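> no sequence on hand, only this structure:
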């Protein structure tokens, strides 16, 4: 988790997308790991994956080792839930996140909030 910066994220389409409700929705996101390795995500409330997670916190990130160049490289699939961190923990999460990423122009808009993965199940697939 500490060796990579991006994950392929799968969420469940929410009811607001009535034509695709219940289908998997994939997106590419960046993240940072907290001190014990749990992922912290910076999501805009405008993003489809964020709206899906607010309706149903179940999700699956697939993380590939840095420098991925094909299917033979190491990757891990993790099952769990992700929730917005409380307001009093947003600054802590921001520091964790910024230690790994430079702020992008969109993050300066102020519509980004930090989410933390928890309830990671024992179903972790490492290839």
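Cool, got the structure. As the structure is a prediction and not an experimental result, all values here were calculated from the model. Residues are numbered from 1 along each chain as shown.
> need the three-state assignment for the residue of the chain positioned farthest from its centre.
Farthest-out residue of the chain from its mean C-alpha position, per C-alpha atoms, centre = their mean: residue 19, at 24.1 Å. State at residue 19, reduced to three classes by DSSP: H, G, I helix; E, B strand; the rest coil: coil.
> if I look at it, how far off is residue 47?
Counting by C-beta to C-beta, to the nearest Å, the gap from residue 19 to residue 47 is 18 Å. Quick note: C-beta positions are derived from backbone N, CA and C, even for glycine.
> next: residue 13.
Using C-beta to C-beta, residue 13 is found at 13 Å from residue 47.
> more neighbours: those two, which one.
Set residue 13 next to residue 47 and count neighbours by other C-beta atoms under 10 Å: residue 13 wins out with 20 against 15.
> was I right about that one contacting residue 22?
Yes: the pair residue 13 / residue 22 is scored as a contact, 6.2 Å apart, by C-beta atoms under 8 Å.
> for the helix or strand where residue 49 lies, what is the distance to the chain centroid?
Assigned by DSSP states H and E, residue 49 belongs to helix 48-55. Between the centre of helix 48-55 and the centre of its chain there are 11 Å (C-alpha atoms, centre = their mean, to the nearest Å).
> likewise for stretch 40-52?
With C-alpha atoms, centre = their mean as the basis, stretch 40-52 stands 8 Å off its chain's centre.
> cool, thanks, signing off.
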